[in-house]
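Trainee: Let's see this in three dimensions:
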Amino acid sequence: MWDKLRAHYEQVSERRFETLVDAERAAGFSAQAGDMLLDYAKTNIDATARGLLFDLLEQTGVAAKRDAMFAGAPINETEGRAVLHTALRNVDGGPVEVDGVDVMPAVLETLARMENFANDVRDGRFVGQGGKITDVVNIGIGGSDLGPAMAVKALAPYHDGPRCHFVSNVDPADVATVLRACDPTKTLIIVASKTFTTIETMTNARTAQAWMSQTVSDAGAQFAALSTAEDKTADFGIDPSCVFGFEDWVGGRYSMWGPIGLSLMMAIGVDAFRAFLRGAQAMDVHFKTADWSENLPALLALTGIWHNQICGYATRAVLPYDNLLSRLPAYLQQLEMESNGKGVSMDGTDLPVHSGPVVWGEPGTNGQHAFYQLIHQGTRVVPCEFLVAARGHEDDLHHQHQLLAANCLAQSEALMRGRSLDEARAKVADKFEGAELERQARHRVFAGNRPSVTIAYPQLDPFTLGQIIALYEHRVFVEGVVLGINSYDQWGVELGKELATKLQPVVEGTQSADDKDGSTAALVGFLQKNGV
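Mentor: Now for the predicted structure:
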(Lines give C-alpha, C1' and ligand atoms only; values in the text may rest on other atoms or scores of the structure.)
Protein backbone atom coordinates (compact mmCIF):
# COMPACT_ATOMS: atom_id res chain seq x y z
CA MET A 1 0.00 0.00 0.00
CA TRP A 2 2.90 2.35 0.74
CA ASP A 3 4.12 1.83 -2.85
CA LYS A 4 0.68 2.63 -4.29
CA LEU A 5 0.48 5.81 -2.24
CA ARG A 6 3.97 6.90 -3.30
CA ALA A 7 3.20 6.16 -6.94
CA HIS A 8 0.06 8.27 -6.78
CA TYR A 9 1.94 11.08 -5.09
CA GLU A 10 4.51 11.05 -7.88
CA GLN A 11 1.70 11.55 -10.36
CA VAL A 12 0.17 14.54 -8.55
CA SER A 13 3.11 16.11 -6.70
CA GLU A 14 3.51 18.99 -9.14
CA ARG A 15 -0.18 19.73 -9.32
CA ARG A 16 -1.41 23.05 -7.96
CA PHE A 17 -3.99 21.83 -5.50
CA GLU A 18 -5.37 25.37 -5.39
CA THR A 19 -7.14 24.45 -8.60
CA LEU A 20 -9.05 21.71 -6.77
CA VAL A 21 -10.49 23.85 -4.01
CA ASP A 22 -14.01 24.79 -5.01
CA ALA A 23 -17.18 24.68 -2.92
CA GLU A 24 -17.71 21.01 -3.68
CA ARG A 25 -14.23 20.08 -2.46
CA ALA A 26 -14.59 22.27 0.63
CA ALA A 27 -17.66 20.23 1.58
CA GLY A 28 -16.23 16.87 0.56
CA PHE A 29 -12.84 17.31 2.23
CA SER A 30 -14.08 18.43 5.62
CA ALA A 31 -15.90 16.71 8.46
CA GLN A 32 -17.54 17.55 11.75
CA ALA A 33 -17.79 16.05 15.21
CA GLY A 34 -20.52 17.95 17.00
CA ASP A 35 -19.69 21.64 16.62
CA MET A 36 -16.04 21.01 15.67
CA LEU A 37 -15.01 21.26 12.01
CA LEU A 38 -11.91 19.75 10.39
CA ASP A 39 -11.08 21.22 6.98
CA TYR A 40 -8.38 19.40 5.00
CA ALA A 41 -9.32 20.74 1.57
CA LYS A 42 -6.10 22.79 1.36
CA THR A 43 -3.93 19.70 0.83
CA ASN A 44 -2.95 17.66 -2.21
CA ILE A 45 -5.03 14.72 -1.01
CA ASP A 46 -7.60 13.85 -3.68
CA ALA A 47 -10.26 11.16 -3.82
CA THR A 48 -7.78 8.56 -5.05
CA ALA A 49 -5.25 9.31 -2.33
CA ARG A 50 -7.96 9.31 0.30
CA GLY A 51 -9.23 5.95 -0.90
CA LEU A 52 -5.75 4.48 -0.69
CA LEU A 53 -5.31 5.93 2.80
CA PHE A 54 -8.61 4.36 3.87
CA ASP A 55 -7.32 1.07 2.45
CA LEU A 56 -4.24 1.54 4.64
CA LEU A 57 -6.49 1.76 7.70
CA GLU A 58 -8.16 -1.49 6.74
CA GLN A 59 -4.90 -3.22 5.87
CA THR A 60 -3.33 -2.35 9.23
CA GLY A 61 -6.41 -3.26 11.28
CA VAL A 62 -6.99 0.12 12.87
CA ALA A 63 -10.66 -0.57 13.68
CA ALA A 64 -9.90 -3.85 15.44
CA LYS A 65 -7.03 -2.29 17.39
CA ARG A 66 -9.25 0.67 18.32
CA ASP A 67 -11.94 -1.67 19.64
CA ALA A 68 -9.32 -3.64 21.56
CA MET A 69 -8.04 -0.46 23.19
CA PHE A 70 -11.50 0.60 24.37
CA ALA A 71 -12.20 -2.96 25.56
CA GLY A 72 -9.16 -2.98 27.86
CA ALA A 73 -6.96 -5.38 25.90
CA PRO A 74 -3.19 -5.09 26.59
CA ILE A 75 -2.35 -3.24 23.38
CA ASN A 76 0.80 -1.81 25.04
CA GLU A 77 2.52 -5.05 24.17
CA THR A 78 6.07 -4.20 25.24
CA GLU A 79 4.86 -3.56 28.79
CA GLY A 80 1.91 -5.94 28.81
CA ARG A 81 -0.60 -3.23 29.73
CA ALA A 82 -3.99 -2.03 28.69
CA VAL A 83 -4.33 1.53 27.39
CA LEU A 84 -7.39 2.99 29.08
CA HIS A 85 -7.07 6.71 29.61
CA THR A 86 -10.46 6.76 27.90
CA ALA A 87 -11.95 5.08 30.99
CA LEU A 88 -11.04 8.13 33.07
CA ARG A 89 -13.53 10.23 31.09
CA ASN A 90 -16.16 7.50 30.67
CA VAL A 91 -18.39 9.39 33.11
CA ASP A 92 -21.62 8.53 31.29
CA GLY A 93 -20.61 5.18 29.83
CA GLY A 94 -20.90 1.55 30.75
CA PRO A 95 -18.48 -0.99 32.24
CA VAL A 96 -14.87 -1.21 31.09
CA GLU A 97 -13.07 -4.44 31.94
CA VAL A 98 -9.40 -5.24 32.43
CA ASP A 99 -8.65 -8.92 33.04
CA GLY A 100 -12.34 -9.52 33.67
CA VAL A 101 -12.70 -6.77 36.28
CA ASP A 102 -14.80 -3.65 35.68
CA VAL A 103 -12.52 -0.70 36.39
CA MET A 104 -15.23 1.95 36.30
CA PRO A 105 -16.31 1.76 39.97
CA ALA A 106 -12.75 2.55 41.06
CA VAL A 107 -12.41 5.29 38.42
CA LEU A 108 -15.61 6.97 39.54
CA GLU A 109 -14.69 6.58 43.21
CA THR A 110 -11.37 8.35 42.60
CA LEU A 111 -13.14 11.08 40.64
CA ALA A 112 -15.57 11.57 43.53
CA ARG A 113 -12.68 11.80 46.01
CA MET A 114 -10.99 14.37 43.80
CA GLU A 115 -14.20 16.38 43.59
CA ASN A 116 -14.70 16.33 47.35
CA PHE A 117 -11.12 17.41 47.97
CA ALA A 118 -11.27 20.14 45.32
CA ASN A 119 -14.52 21.46 46.77
CA ASP A 120 -13.03 21.44 50.27
CA VAL A 121 -10.06 23.49 49.08
CA ARG A 122 -12.15 25.89 46.97
CA ASP A 123 -14.79 26.41 49.67
CA GLY A 124 -12.35 26.86 52.55
CA ARG A 125 -13.01 23.66 54.46
CA PHE A 126 -9.47 22.47 53.75
CA VAL A 127 -7.27 25.34 54.88
CA GLY A 128 -3.62 26.13 55.25
CA GLN A 129 -2.08 27.08 58.55
CA GLY A 130 -2.64 30.71 57.63
CA GLY A 131 -6.19 30.42 56.30
CA LYS A 132 -7.97 29.59 53.06
CA ILE A 133 -5.78 28.20 50.28
CA THR A 134 -4.99 30.95 47.78
CA ASP A 135 -2.35 29.15 45.67
CA VAL A 136 -1.89 25.62 44.39
CA VAL A 137 1.54 24.54 43.15
CA ASN A 138 1.65 21.42 40.97
CA ILE A 139 5.10 19.82 40.96
CA GLY A 140 5.56 17.27 38.19
CA ILE A 141 7.29 16.80 34.87
CA GLY A 142 6.37 15.50 31.42
CA GLY A 143 2.85 14.12 31.46
CA SER A 144 2.44 15.21 35.07
CA ASP A 145 2.99 18.83 34.06
CA LEU A 146 2.43 19.55 30.36
CA GLY A 147 -1.22 18.52 30.27
CA PRO A 148 -2.56 20.32 33.34
CA ALA A 149 -0.33 23.36 32.76
CA MET A 150 -1.67 23.66 29.21
CA ALA A 151 -5.28 23.11 30.24
CA VAL A 152 -5.20 25.53 33.18
CA LYS A 153 -3.98 28.27 30.85
CA ALA A 154 -6.44 27.30 28.12
CA LEU A 155 -9.42 27.57 30.48
CA ALA A 156 -8.36 30.79 32.21
CA PRO A 157 -11.78 32.43 31.55
CA TYR A 158 -13.34 29.74 33.76
CA HIS A 159 -11.04 30.15 36.77
CA ASP A 160 -12.88 30.81 40.00
CA GLY A 161 -10.66 28.91 42.42
CA PRO A 162 -7.15 29.31 43.83
CA ARG A 163 -4.31 30.47 41.62
CA CYS A 164 -2.51 27.51 40.03
CA HIS A 165 1.23 27.37 39.39
CA PHE A 166 3.39 24.70 37.80
CA VAL A 167 6.95 23.59 38.54
CA SER A 168 8.62 21.02 36.32
CA ASN A 169 12.24 21.85 35.58
CA VAL A 170 14.89 20.69 38.02
CA ASP A 171 16.58 24.02 37.35
CA PRO A 172 16.29 25.73 40.77
CA ALA A 173 15.15 28.93 39.07
CA ASP A 174 11.82 27.28 38.24
CA VAL A 175 10.79 26.27 41.75
CA ALA A 176 12.30 29.37 43.37
CA THR A 177 10.41 31.73 41.06
CA VAL A 178 7.06 30.04 41.72
CA LEU A 179 7.44 29.72 45.49
CA ARG A 180 8.59 33.32 45.80
CA ALA A 181 5.14 34.43 44.63
CA CYS A 182 3.26 32.30 47.19
CA ASP A 183 2.43 32.54 50.90
CA PRO A 184 3.55 29.22 52.46
CA THR A 185 0.75 29.38 55.05
CA LYS A 186 -1.92 29.49 52.32
CA THR A 187 -0.37 27.27 49.65
CA LEU A 188 -1.22 23.68 48.73
CA ILE A 189 1.59 21.70 47.09
CA ILE A 190 0.57 18.86 44.77
CA VAL A 191 3.36 16.37 44.02
CA ALA A 192 2.55 14.50 40.81
CA SER A 193 4.62 11.36 40.39
CA LYS A 194 3.10 7.90 39.98
CA THR A 195 6.10 6.16 41.55
CA PHE A 196 7.11 9.07 43.80
CA THR A 197 10.67 8.55 42.60
CA THR A 198 10.93 10.85 39.55
CA ILE A 199 14.20 12.61 40.33
CA GLU A 200 13.27 16.07 39.02
CA THR A 201 9.87 16.03 40.72
CA MET A 202 11.10 14.72 44.05
CA THR A 203 14.01 17.17 44.11
CA ASN A 204 11.58 20.05 43.62
CA ALA A 205 9.15 18.52 46.16
CA ARG A 206 11.83 18.40 48.85
CA THR A 207 12.76 21.99 48.06
CA ALA A 208 9.11 23.01 48.45
CA GLN A 209 8.88 21.02 51.68
CA ALA A 210 11.92 22.82 53.10
CA TRP A 211 10.50 26.19 52.00
CA MET A 212 7.20 25.52 53.70
CA SER A 213 8.80 24.10 56.85
CA GLN A 214 10.52 27.42 57.50
CA THR A 215 7.10 28.97 58.15
CA VAL A 216 4.56 26.29 59.10
CA SER A 217 4.76 23.67 61.83
CA ASP A 218 3.39 20.78 59.76
CA ALA A 219 4.38 21.07 56.11
CA GLY A 220 2.91 17.67 55.24
CA ALA A 221 -0.57 18.92 56.07
CA GLN A 222 -0.41 21.24 53.05
CA PHE A 223 0.77 18.60 50.58
CA ALA A 224 -1.22 16.30 48.33
CA ALA A 225 0.15 13.54 46.12
CA LEU A 226 -0.90 12.12 42.76
CA SER A 227 0.78 8.76 43.15
CA THR A 228 0.28 5.04 43.64
CA ALA A 229 3.26 4.73 46.02
CA GLU A 230 1.36 5.15 49.28
CA ASP A 231 4.31 4.01 51.39
CA LYS A 232 6.53 6.73 49.93
CA THR A 233 3.87 9.44 50.22
CA ALA A 234 3.36 8.46 53.87
CA ASP A 235 7.10 8.70 54.50
CA PHE A 236 6.95 12.18 52.98
CA GLY A 237 4.33 13.13 55.57
CA ILE A 238 1.27 13.30 53.31
CA ASP A 239 -2.02 12.18 54.78
CA PRO A 240 -3.58 9.22 52.88
CA SER A 241 -6.78 11.23 52.38
CA CYS A 242 -4.75 13.62 50.21
CA VAL A 243 -3.24 10.89 48.01
CA PHE A 244 -4.88 10.06 44.67
CA GLY A 245 -3.62 7.13 42.65
CA PHE A 246 -4.16 5.80 39.15
CA GLU A 247 -3.54 2.49 37.44
CA ASP A 248 -0.65 1.45 35.22
CA TRP A 249 -3.02 1.39 32.23
CA VAL A 250 -2.91 5.20 32.26
CA GLY A 251 0.23 6.52 30.58
CA GLY A 252 1.73 9.76 31.89
CA ARG A 253 1.07 11.85 28.79
CA TYR A 254 -2.54 10.60 28.72
CA SER A 255 -3.24 11.12 32.41
CA MET A 256 -4.77 14.55 32.97
CA TRP A 257 -8.29 13.09 32.80
CA GLY A 258 -7.75 11.61 36.25
CA PRO A 259 -5.79 12.66 39.35
CA ILE A 260 -3.13 14.47 37.29
CA GLY A 261 -5.91 16.92 36.41
CA LEU A 262 -6.50 17.83 40.07
CA SER A 263 -4.93 21.28 39.70
CA LEU A 264 -7.25 21.99 36.76
CA MET A 265 -10.23 20.91 38.83
CA MET A 266 -9.08 23.24 41.62
CA ALA A 267 -8.93 26.14 39.16
CA ILE A 268 -12.19 25.70 37.23
CA GLY A 269 -14.36 23.71 39.62
CA VAL A 270 -16.02 20.32 39.55
CA ASP A 271 -18.77 21.10 37.04
CA ALA A 272 -16.42 22.60 34.47
CA PHE A 273 -14.00 19.69 34.92
CA ARG A 274 -16.86 17.26 34.25
CA ALA A 275 -17.65 19.22 31.07
CA PHE A 276 -13.99 18.81 30.09
CA LEU A 277 -14.30 15.04 30.57
CA ARG A 278 -17.55 14.91 28.62
CA GLY A 279 -15.97 16.74 25.68
CA ALA A 280 -13.30 14.06 25.50
CA GLN A 281 -15.88 11.32 25.95
CA ALA A 282 -17.88 12.75 23.04
CA MET A 283 -14.79 12.54 20.85
CA ASP A 284 -14.26 8.95 22.02
CA VAL A 285 -17.78 8.03 20.91
CA HIS A 286 -17.24 9.82 17.59
CA PHE A 287 -13.95 7.97 17.03
CA LYS A 288 -15.59 4.62 17.77
CA THR A 289 -18.69 5.10 15.65
CA ALA A 290 -18.07 7.49 12.74
CA ASP A 291 -17.22 6.16 9.30
CA TRP A 292 -13.66 6.83 8.23
CA SER A 293 -14.86 9.47 5.78
CA GLU A 294 -16.36 11.47 8.68
CA ASN A 295 -13.99 10.41 11.45
CA LEU A 296 -11.95 13.40 12.61
CA PRO A 297 -9.12 11.52 14.38
CA ALA A 298 -8.70 9.16 11.43
CA LEU A 299 -8.77 11.98 8.87
CA LEU A 300 -6.29 14.06 10.84
CA ALA A 301 -4.00 11.03 11.19
CA LEU A 302 -4.20 10.16 7.50
CA THR A 303 -3.40 13.74 6.56
CA GLY A 304 -0.33 13.52 8.77
CA ILE A 305 0.71 10.20 7.24
CA TRP A 306 0.27 11.56 3.71
CA HIS A 307 2.44 14.57 4.49
CA ASN A 308 5.15 12.79 6.48
CA GLN A 309 5.52 9.24 5.18
CA ILE A 310 4.39 9.88 1.59
CA CYS A 311 5.35 13.48 0.77
CA GLY A 312 8.44 13.41 2.98
CA TYR A 313 7.65 16.52 5.03
CA ALA A 314 9.55 15.93 8.25
CA THR A 315 7.95 18.53 10.51
CA ARG A 316 4.45 19.68 11.43
CA ALA A 317 3.57 23.14 12.75
CA VAL A 318 0.67 23.48 15.18
CA LEU A 319 -0.58 27.06 15.05
CA PRO A 320 -3.44 27.91 17.41
CA TYR A 321 -5.04 31.26 16.63
CA ASP A 322 -6.26 31.19 20.20
CA ASN A 323 -3.84 32.63 22.72
CA LEU A 324 -5.40 30.51 25.44
CA LEU A 325 -3.91 27.51 23.61
CA SER A 326 -0.39 28.91 23.66
CA ARG A 327 0.90 25.79 25.47
CA LEU A 328 -0.84 23.35 23.12
CA PRO A 329 2.15 22.95 20.75
CA ALA A 330 4.42 22.03 23.68
CA TYR A 331 1.81 19.58 24.96
CA LEU A 332 1.50 17.98 21.52
CA GLN A 333 5.26 17.71 21.22
CA GLN A 334 5.23 15.20 24.04
CA LEU A 335 1.98 13.53 23.05
CA GLU A 336 3.12 12.90 19.49
CA MET A 337 6.89 12.70 19.66
CA GLU A 338 7.13 10.55 22.78
CA SER A 339 4.33 8.30 21.53
CA ASN A 340 5.38 7.85 17.90
CA GLY A 341 9.06 8.72 17.95
CA LYS A 342 10.07 5.09 17.51
CA GLY A 343 12.43 3.25 15.19
CA VAL A 344 11.21 -0.34 15.33
CA SER A 345 7.93 -2.08 14.57
CA MET A 346 5.95 -3.95 17.20
CA ASP A 347 7.80 -7.14 16.25
CA GLY A 348 11.19 -5.52 16.84
CA THR A 349 12.17 -5.07 13.19
CA ASP A 350 13.23 -1.75 11.71
CA LEU A 351 10.43 0.47 10.46
CA PRO A 352 10.10 0.45 6.66
CA VAL A 353 9.08 4.15 6.73
CA HIS A 354 9.90 7.16 8.86
CA SER A 355 8.10 7.44 12.17
CA GLY A 356 6.41 10.54 13.59
CA PRO A 357 7.35 14.07 12.54
CA VAL A 358 8.91 16.87 14.56
CA VAL A 359 6.02 18.83 16.07
CA TRP A 360 6.41 22.50 16.92
CA GLY A 361 4.56 25.79 16.86
CA GLU A 362 3.43 28.97 18.54
CA PRO A 363 0.15 30.85 18.76
CA GLY A 364 -0.81 33.25 15.99
CA THR A 365 -0.30 36.03 15.30
CA ASN A 366 3.00 35.85 17.19
CA GLY A 367 4.37 33.21 14.84
CA GLN A 368 3.65 35.38 11.81
CA HIS A 369 6.30 37.80 13.03
CA ALA A 370 8.76 35.05 13.87
CA PHE A 371 8.98 31.87 11.77
CA TYR A 372 6.27 32.19 9.11
CA GLN A 373 8.94 33.57 6.80
CA LEU A 374 10.42 30.08 6.58
CA ILE A 375 6.99 28.46 6.24
CA HIS A 376 6.09 30.68 3.27
CA GLN A 377 9.40 31.09 1.45
CA GLY A 378 11.81 28.55 2.91
CA THR A 379 13.13 25.60 0.93
CA ARG A 380 11.35 22.98 3.08
CA VAL A 381 7.60 22.45 3.11
CA VAL A 382 6.05 22.56 6.58
CA PRO A 383 2.46 21.29 6.78
CA CYS A 384 0.48 23.52 9.14
CA GLU A 385 -2.41 22.83 11.47
CA PHE A 386 -4.43 25.91 12.34
CA LEU A 387 -6.89 26.06 15.24
CA VAL A 388 -9.38 28.91 15.50
CA ALA A 389 -12.54 29.75 17.45
CA ALA A 390 -15.51 31.58 15.97
CA ARG A 391 -15.60 33.81 19.02
CA GLY A 392 -13.43 34.65 21.98
CA HIS A 393 -14.35 35.41 25.58
CA GLU A 394 -14.08 39.19 25.35
CA ASP A 395 -17.42 40.19 23.88
CA ASP A 396 -16.56 43.89 23.87
CA LEU A 397 -13.48 43.09 21.75
CA HIS A 398 -15.17 40.85 19.18
CA HIS A 399 -13.88 43.06 16.38
CA GLN A 400 -10.35 42.23 17.52
CA HIS A 401 -11.14 38.51 17.53
CA GLN A 402 -12.43 38.88 13.97
CA LEU A 403 -9.06 40.34 13.00
CA LEU A 404 -7.38 37.33 14.60
CA ALA A 405 -9.64 34.93 12.67
CA ALA A 406 -8.99 36.82 9.42
CA ASN A 407 -5.25 36.39 9.97
CA CYS A 408 -5.70 32.65 10.49
CA LEU A 409 -7.71 32.16 7.30
CA ALA A 410 -5.38 34.44 5.36
CA GLN A 411 -2.33 32.39 6.32
CA SER A 412 -3.85 29.11 5.15
CA GLU A 413 -4.97 30.78 1.92
CA ALA A 414 -1.53 32.33 1.35
CA LEU A 415 0.21 29.00 1.92
CA MET A 416 -2.00 27.43 -0.73
CA ARG A 417 -2.09 30.23 -3.33
CA GLY A 418 1.35 31.74 -3.04
CA ARG A 419 2.35 34.57 -5.38
CA SER A 420 3.66 34.04 -8.92
CA LEU A 421 6.58 35.86 -10.47
CA ASP A 422 4.22 37.79 -12.72
CA GLU A 423 2.19 38.91 -9.70
CA ALA A 424 5.37 39.89 -7.90
CA ARG A 425 6.55 41.93 -10.88
CA ALA A 426 3.25 43.77 -10.99
CA LYS A 427 3.55 44.73 -7.33
CA VAL A 428 6.88 46.53 -7.79
CA ALA A 429 6.73 47.59 -11.47
CA ASP A 430 6.16 51.19 -10.45
CA LYS A 431 9.37 51.23 -8.40
CA PHE A 432 11.90 49.26 -10.46
CA GLU A 433 12.68 48.33 -14.04
CA GLY A 434 14.93 46.06 -16.06
CA ALA A 435 17.22 43.66 -14.19
CA GLU A 436 16.49 45.32 -10.85
CA LEU A 437 12.77 44.76 -11.34
CA GLU A 438 13.44 41.08 -11.98
CA ARG A 439 15.66 40.79 -8.91
CA GLN A 440 13.24 42.56 -6.60
CA ALA A 441 10.29 40.60 -7.94
CA ARG A 442 11.95 37.25 -7.23
CA HIS A 443 12.32 38.18 -3.55
CA ARG A 444 8.54 38.62 -3.42
CA VAL A 445 7.58 35.28 -4.95
CA PHE A 446 5.74 32.79 -2.74
CA ALA A 447 5.84 29.23 -4.03
CA GLY A 448 2.46 28.37 -2.53
CA ASN A 449 1.13 24.83 -2.89
CA ARG A 450 1.92 24.36 0.80
CA PRO A 451 -0.64 22.28 2.68
CA SER A 452 -2.59 23.08 5.81
CA VAL A 453 -5.57 21.84 7.76
CA THR A 454 -7.83 23.96 9.93
CA ILE A 455 -9.71 22.92 13.06
CA ALA A 456 -12.51 25.36 13.87
CA TYR A 457 -14.93 25.45 16.79
CA PRO A 458 -17.44 27.94 18.23
CA GLN A 459 -15.52 28.88 21.42
CA LEU A 460 -12.81 27.40 23.60
CA ASP A 461 -14.71 26.13 26.63
CA PRO A 462 -14.06 23.06 28.84
CA PHE A 463 -16.10 20.73 26.60
CA THR A 464 -14.29 21.89 23.46
CA LEU A 465 -10.85 21.60 25.06
CA GLY A 466 -11.70 18.01 25.97
CA GLN A 467 -12.66 17.38 22.35
CA ILE A 468 -9.43 18.87 21.03
CA ILE A 469 -7.14 16.87 23.30
CA ALA A 470 -8.97 13.59 22.70
CA LEU A 471 -8.89 14.30 18.95
CA TYR A 472 -5.11 14.50 19.04
CA GLU A 473 -4.79 11.48 21.33
CA HIS A 474 -6.73 9.32 18.89
CA ARG A 475 -4.84 10.81 15.95
CA VAL A 476 -1.62 9.58 17.58
CA PHE A 477 -3.21 6.14 18.10
CA VAL A 478 -4.22 5.82 14.44
CA GLU A 479 -0.81 6.90 13.17
CA GLY A 480 0.89 4.45 15.53
CA VAL A 481 -1.23 1.52 14.40
CA VAL A 482 -0.69 2.33 10.74
CA LEU A 483 3.05 2.54 11.31
CA GLY A 484 3.02 -0.70 13.28
CA ILE A 485 4.59 0.77 16.43
CA ASN A 486 3.70 0.90 20.12
CA SER A 487 2.56 4.43 20.89
CA TYR A 488 2.36 3.78 24.63
CA ASP A 489 5.90 3.05 25.78
CA GLN A 490 8.81 5.49 25.91
CA TRP A 491 12.07 3.64 26.26
CA GLY A 492 13.86 6.52 24.57
CA VAL A 493 13.76 8.57 27.77
CA GLU A 494 15.51 5.92 29.87
CA LEU A 495 19.14 6.07 28.78
CA GLY A 496 19.69 9.74 29.47
CA LYS A 497 18.07 9.39 32.91
CA GLU A 498 20.35 6.47 33.75
CA LEU A 499 23.46 8.36 32.67
CA ALA A 500 22.37 11.49 34.58
CA THR A 501 22.16 9.49 37.80
CA LYS A 502 25.68 8.19 37.23
CA LEU A 503 26.99 11.63 36.25
CA GLN A 504 25.66 13.52 39.26
CA PRO A 505 28.44 12.44 41.66
CA VAL A 506 30.99 13.15 38.91
CA VAL A 507 29.68 16.70 38.50
CA GLU A 508 29.59 17.12 42.29
CA GLY A 509 33.23 16.06 42.44
CA THR A 510 32.77 12.99 44.63
CA GLN A 511 33.68 10.62 41.79
CA SER A 512 36.31 10.82 39.08
CA ALA A 513 35.50 11.58 35.45
CA ASP A 514 38.31 9.31 34.26
CA ASP A 515 35.95 6.75 32.73
CA LYS A 516 34.11 9.39 30.70
CA ASP A 517 34.79 10.31 27.10
CA GLY A 518 37.06 13.27 26.49
CA SER A 519 34.27 15.70 25.67
CA THR A 520 32.13 14.85 28.71
CA ALA A 521 35.15 14.94 31.03
CA ALA A 522 36.18 18.35 29.67
CA LEU A 523 32.68 19.74 30.14
CA VAL A 524 32.56 18.45 33.72
CA GLY A 525 35.88 20.17 34.34
CA PHE A 526 34.60 23.46 32.95
CA LEU A 527 31.44 23.36 35.09
CA GLN A 528 33.38 22.49 38.24
CA LYS A 529 35.89 25.26 37.59
CA ASN A 530 33.11 27.78 37.05
CA GLY A 531 30.99 27.04 40.06
CA VAL A 532 28.80 23.98 39.76
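
Trainee: who does the helix or strand hosting residue 398 touch, helix- and strand-wise?
Mentor: Here residue 398 sits within helix 398-417, counting by DSSP states H and E. Using 3 or more Cβ pairs under 8 Å, 6 or more residues apart in numbering; DSSP states H and E, the elements in contact with helix 398-417 are strand 315-321, helix 372-377, strand 384-389, strand 452-457. In short, each C-beta sits where N, CA and C put it, glycine included.

Trainee: mind listing what's buried in the third one?
Mentor: In other words, strand 384-389. Across strand 384-389, burial judged by 16 or more other Cβ atoms under 10 Å covers 384-389.

Trainee: OK, contacts around residue 281?
Mentor: If you count contacts by Cβ atoms under 8 Å, 6 or more residues apart in numbering, residue 281 has them with 86, 89-93, 466, 470.

Trainee: If we use 7 Å, what do you get?
Mentor: By Cβ atoms under 7 Å, 6 or more residues apart in numbering, residue 281 lies in contact with 89-93.

Trainee: now residue 52
Mentor: 1, 4-5, 8.

Trainee: change it to 10 Å
Mentor: Neighbouring residues of residue 52 by Cβ atoms under 10 Å, 6 or more residues apart in numbering: 1-2, 4-5, 7-9, 45, 59, 302, 306, 310.

Trainee: which one in these is the model shakiest on?
Mentor: Lowest pLDDT within the contacts of residue 52 is found at residue 1 (85).

Trainee: Measure how buried that one is and give me the count.
Mentor: 14 (other Cβ atoms under 10 Å).

Trainee: And the closest residue to it other than its chain neighbours, how far from residue 67?
Mentor: The shortest distance from residue 1 to any non-neighbouring residue, by Cβ to Cβ, 6 or more residues apart in numbering, is to residue 56 (5.0 Å). Separation of residue 56 from residue 67 (Cβ to Cβ, to the nearest Å): 18 Å.

Trainee: Compare those two (neighbour count), which wins?
Mentor: A count of neighbours by other Cβ under 10 Å puts residue 56 above the other of residue 56 and residue 67, at 19 against 12.

Trainee: mind listing the helices for the stretch 151-300 of the chain?
Mentor: 172-180, 199-213, 230-235, 262-268, 270-289, 296-305 (DSSP state H, counting those that start in this stretch).

Trainee: name the helices or strands packed onto the shortest one?
Mentor: Looking back up the chat, that one is helix 230-235. strand 223-226, strand 243-244 (3 or more Cβ pairs under 10 Å, 6 or more residues apart in numbering; DSSP states H and E).

Trainee: mind listing what's buried in it?
Mentor: Buried-residue list, helix 230-235, by 16+ other Cβ under 10 Å: 232-233.

Trainee: from the middle of its chain, how far away would stretch 204-223 be?
Mentor: Relative to its chain's centre, stretch 204-223 lies at 31 Å (Cα atoms, centre = their mean, to the nearest Å).

Trainee: hmm, I was thinking of stretch 273-290
Mentor: With Cα atoms, centre = their mean, you get 17 Å for stretch 273-290.

Trainee: List the buried residues for that stretch?
Mentor: Judged by neighbour count (16+ other Cβ under 10 Å), stretch 273-290 contains these buried residues: 273-284, 286-287, 290.

Trainee: who touches the closest residue to residue 464 other than its chain neighbours in this structure?
Mentor: Closest residue in space to residue 464, ignoring its immediate chain neighbours: residue 457 at 5.0 Å, by Cβ to Cβ, 6+ apart. Contacts of residue 457 were listed using Cβ under 10 Å, 6+ apart, and they are 32-37, 322, 387-391, 463-465, 467-468.

Trainee: okay, residue 457: pLDDT?
Mentor: In this model, residue 457 is scored at 98, pLDDT.

Trainee: So in terms of bridging, what pairs with it?
Mentor: residue 389 (DSSP bridges).

Trainee: Please determine how far it is located from residue 296.
Mentor: Noted for residue 457: a distance of 11 Å to residue 296, by Cβ to Cβ.

Trainee: before we move on, what about residue 272?
Mentor: For residue 272 relative to residue 296 (Cβ to Cβ), the value is 23 Å.

Trainee: returning to what we had before: phi and psi next, for the residue nearest to residue 1.
Mentor: Dihedral angles of residue 56 (phi, psi; degrees, to the nearest 10) stand at phi -60, psi -40.

Trainee: The worst-scoring helix or strand of the chain on mean pLDDT packs against which elements?
Mentor: Lowest on mean pLDDT, DSSP states H and E among the helices and strands of the chain sits helix 494-508, with a mean of 88. Counting contacts by 3+ Cβ pairs under 10 Å, 6+ apart, helix 494-508 is packed against helix 199-213, helix 518-529.

Trainee: would you list the ones you listed in TSV and tack on mean pLDDT?
Mentor: Converted to TSV, these look like this (pLDDT from 0 to 100):
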stretch	mean pLDDT
helix 199-213	97
helix 518-529	93
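
Trainee: got a list of what residue 158 touches?
Mentor: Contact partners of residue 158, counting by Cβ under 10 Å, 6+ apart, are 152, 264, 267-269, 271-273, 275-276, 393, 460-462, 465.

Trainee: Mind giving me the PyMOL select for these, buried ones only?
Mentor: One line in PyMOL is enough to select the buried members of the contacts of residue 158, burial here meaning 16+ other Cβ under 10 Å:
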select buried, resi 152+264+267+268+269+272+273+275+276+460+461+462+465
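
Trainee: what secondary structure does residue 73 sit in?
Mentor: Assigned with DSSP: H, G, I helix; E, B strand; the rest coil, residue 73 falls in the coil class.

Trainee: pLDDT averaged over stretch 239-247 - what is it?
Mentor: 95.

Trainee: I'd like the numbering to begin with 208 instead of 1 from here.
Mentor: Shifting the count to begin at 208 puts that one at stretch 446-454.

Trainee: mind checking how far it is from the chain centre?
Mentor: That offset, for stretch 446-454, works out to 25 Å (Cα atoms, centre = their mean).

Trainee: what angle separates the following helix or strand past the helix holding residue 605 from helix 605-624?
Mentor: Downstream of helix 605-624, the first helix or strand assigned by DSSP H and E is helix 628-635. With axes from the mean of the first three to the mean of the last three Cα atoms, to 10 degrees as the basis, helix 628-635 and helix 605-624 are set at 130 degrees to each other.

Trainee: on that earlier part again, now, which of the buried residues of stretch 480-497 sits nearest residue 552?
Mentor: Nearest to residue 552 among the buried residues of stretch 480-497 is residue 494, at 23.6 Å by Cβ to Cβ.

Trainee: so what's the closest one up against?
Mentor: By Cβ under 10 Å, 6+ apart, residue 494 lies in contact with 240, 273, 277, 293, 502-505, 677-678, 680-682, 684-685.
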